[in-house]
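>>> Need the 3D shape of this:
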Amino acid sequence: MHGMPLPPEQLRERVAGAKDAQSFQESGSATLDEWTRALDSIGREFGDFETIVDFGCGCGRALRHLQARIKSTSQTLIGLDPDAEAIEWLNSNFSNIRGYTLNAMPPSPLAAGSADLVVSHSVFTHLPEDVQYAWLEELHRILKPGAIAITTIHGDHAFSVFEGDLVRGGQNELRNTLSNVMGSSGFLYIKGRTAAETPLPDYYGATFHDISYIKKNWSKYFSILAWFPKFALNLQDTLVLQRR
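Next up, the predicted model:
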């Protein structure tokens, strides 16, 4: 795995939150392991799917590990991301991955009903509510009926970590205000990008979901097959979804 091409520091930081190669390698490998275990929970494996799409792939933090595992020539790996620099690097370094740059809003360049599996780490953790629905609609469009999607959210654990950070920073009033919003609606979006994230869409921020919100508002598009709290990189919740 460590013999694979390594993206430049700025691309690593944009998707892993750190510039060092070790964090990038280890987090990507961990995400692939989490996806594998999530599929195993519903009795499936990557070899079952002909066309696999990584939605929000960046420079291939996890996808680079998945492509090394895929042996069948009948399987297609696709990466989608709004980061044009990351997609250009991905296409230049991995001939067995097709990378496509997304616009800030749908549609993607993929045909309707063309995907058997979508995997995604930490995308819906950054979207405002209207953008969230637009991309849920798009994933529903590109997936075949009954196809599978794996994605992550900032659930109760991640929100508790966020609240703790606010309290330690002396922002108790803000913490109480945001906690009330989260408690009443089950959804919270805070706009703001880090310096490393400036090439990403302007709406990029931090988003938190309660599982009851997901069950109520995502059910138009997907059935929830499995929910794993604090599963993704020991912070985010992982959802295994089936396209309705």
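>>> which non-adjacent residue is nearest the spatially most central residue of the chain?
Centroid check for the chain by C-alpha atoms, centre = their mean gives residue 121 as the closest residue, at 2.4 Å. Using C-beta to C-beta, 6 or more residues apart in numbering and skipping the chain neighbours, the partner closest in space to residue 121 is residue 31 (5.1 Å). From N, CA and C alone the C-beta is placed, and that goes for glycine too.
>>> isn't that neighbour right up against residue 232?
Yes. If you go by C-beta atoms under 8 Å, residue 31 and residue 232 touch, sitting 7.0 Å apart.
>>> hmm, back to that, what comes up buried for the helix or strand containing the residue nearest to residue 121?
Using DSSP states H and E, residue 31 maps to helix 21-40. In terms of neighbour count (16 or more other C-beta atoms under 10 Å), helix 21-40 has its buried residues at 24-25, 27-32, 34-36, 38-39.
>>> show me the contacts for the residue nearest to residue 121.
Neighbouring residues of residue 31 by C-beta atoms under 8 Å, 6 or more residues apart in numbering: 61-62, 65, 121, 232-233.
>>> now swap in residue 227 and tell me
211, 237-240.
>>> quick one, the helix or strand hosting it and helix 21-40 angle?
Using DSSP H and E, the secondary-structure element containing residue 227 is strand 222-232. Between strand 222-232 and helix 21-40, the angle comes out at 140 degrees (axes from the mean of the first three to the mean of the last three C-alpha atoms, to 10 degrees).
>>> what packs against the helix or strand that comes right after strand 222-232?
Next along the chain after strand 222-232, taking DSSP H and E as the criterion, comes strand 236-243. Strand 236-243 sits against helix 21-40, strand 143-153, helix 156-168, strand 222-232, with contacts defined as 3 or more C-beta pairs under 8 Å, 6 or more residues apart in numbering; DSSP states H and E.
>>> Buried ones in the last one, by neighbour count?
For strand 222-232, burial by neighbour count (16+ other C-beta under 10 Å) applies to 222, 225, 227-228, 230-232.
>>> so where is the chain shaky, pLDDT-wise?
1-2 (pLDDT under 70).
>>> so who does the closest residue in space to residue 65 that isn't next to it in sequence touch?
Spatial nearest neighbour of residue 65, excluding adjacent residues (C-beta to C-beta, 6+ apart): residue 32 at 4.4 Å. Residues near residue 32 by C-beta under 8 Å, 6+ apart: 62, 65-66, 69.
>>> Now go through those residues and say which are in helices.
Within the contacts of residue 32, residues falling in helices by DSSP state H are 65-66, 69.
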